[in-house]
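Q: got a sequence here, can you build the structure:
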Amino acid sequence: METSPKIRKEVIKSCKAGDKGAFSEIILCYQKRVFNIAYRMLGNMEEAKDLAQEVFLSVFESIKDLREDDKFEPWLTQVTLNHCRNHWKYLKRRQYFNSDSLDDPIETEDGEVAKSVYHPFDNPETLYEKKMIQQLIQKGLLKLKEEQRELIVLRDLQGFSYAEIGELFFLPEGTIKSKLHRARMDLKKILEKAIH
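A: The predicted structure is shown next:
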């Protein structure tokens, strides 16, 4: 797992002052992370792309309100999660939940998300099996409660520390660990049920 991207404080300061070049730098640095969170939360490539654009529009409009003592990355993650929550409700009301097909690439180019388990020497049957597993896991994630899905995406797929997640959820690390354990157990049950 690669380390998270970091942006210099001067870039954020310039962006707050309305510098579009600085904002472009922020997008380049964080677009993969925002997209990956959105994809894992929504389970649909096109919806995730649209949502990532909405997130950055929202960031551009509200970054001036970011206080000096607030850390940019947790704030961006919170903005992303809020957009995902709202979009999930919007899609659910319209009964729109279809996952991507097996023909769509499920892996992303970002090292922050656990890469697919493909290997260049895999034969077509092995590739198909691995795609099926990836799709099964993604469908399982979508069946979890919202908070459980968020916890697994942030910790297991994005590599956030327990402390970072605790800050986002305003909960102590012990509570995060406990909730995450429960989420993983629920995901395991969902996957076992789907297999049998």
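
Q: does anything pack onto the lowest-mean-pLDDT helix or strand in the chain? Which helices or strands?
A: Every helix and strand in the chain was compared by mean pLDDT, DSSP states H and E; the lowest is helix 124-143, with a mean of 78. For helix 124-143, the packing partners by 3 or more Cβ pairs under 8 Å, 6 or more residues apart in numbering; DSSP states H and E come out as helix 146-152, helix 173-195. (Glycine included, C-beta is placed from N, CA and C.)

Q: mind pulling up the pLDDT for residue 116?
A: On the pLDDT scale, residue 116 is placed at 46.

Q: one step back: quick check: which of the helices and strands packed on helix 124-143 is buried the most?
A: Highest mean neighbour count of these: helix 146-152, a mean of 19 (counted as mean count of other Cβ atoms under 10 Å).

Q: how far off centre is that helix?
A: Chain-centre distance of helix 146-152: 10 Å, with Cα atoms, centre = their mean, to the nearest Å.

Q: centre-most residue in the chain?
A: For the chain, the residue sitting closest to the mean C-alpha position, by Cα atoms, centre = their mean, is residue 37 at 1.1 Å.

Q: without its sequence neighbours, what residue ends up closest to it?
A: Distance criterion Cβ to Cβ, 6 or more residues apart in numbering; nearest residue to residue 37, sequence neighbours excluded, is residue 80 at 5.2 Å.

Q: and the one you found, what element?
A: Residue 80 belongs to helix 72-93 when assigned by DSSP states H and E.

Q: how about the CA coordinates for that helix, as PDB?
A: Extracted in PDB, the C-alpha atoms of helix 72-93 (Å, rounded to 0.1, in the frame of the first residue of the first chain):
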ATOM      1  CA  PHE A  72      -7.000  19.500   5.100                       C
ATOM      2  CA  GLU A  73      -7.000  15.800   4.500                       C
ATOM      3  CA  PRO A  74      -9.500  14.800   7.200                       C
ATOM      4  CA  TRP A  75     -11.700  17.700   6.100                       C
ATOM      5  CA  LEU A  76     -11.600  16.500   2.400                       C
ATOM      6  CA  THR A  77     -12.400  12.900   3.600                       C
ATOM      7  CA  GLN A  78     -15.400  14.200   5.600                       C
ATOM      8  CA  VAL A  79     -16.600  16.200   2.600                       C
ATOM      9  CA  THR A  80     -16.300  13.100   0.400                       C
ATOM     10  CA  LEU A  81     -18.100  10.900   2.900                       C
ATOM     11  CA  ASN A  82     -20.900  13.400   3.300                       C
ATOM     12  CA  HIS A  83     -21.400  13.500  -0.500                       C
ATOM     13  CA  CYS A  84     -21.400   9.700  -0.600                       C
ATOM     14  CA  ARG A  85     -24.000   9.500   2.100                       C
ATOM     15  CA  ASN A  86     -26.300  12.000   0.400                       C
ATOM     16  CA  HIS A  87     -25.800  10.400  -3.000                       C
ATOM     17  CA  TRP A  88     -26.500   6.900  -1.600                       C
ATOM     18  CA  LYS A  89     -29.800   8.200  -0.200                       C
ATOM     19  CA  TYR A  90     -30.600   9.800  -3.600                       C
ATOM     20  CA  LEU A  91     -29.900   6.600  -5.500                       C
ATOM     21  CA  LYS A  92     -31.700   4.400  -3.000                       C
ATOM     22  CA  ARG A  93     -34.900   6.600  -3.300                       C
END
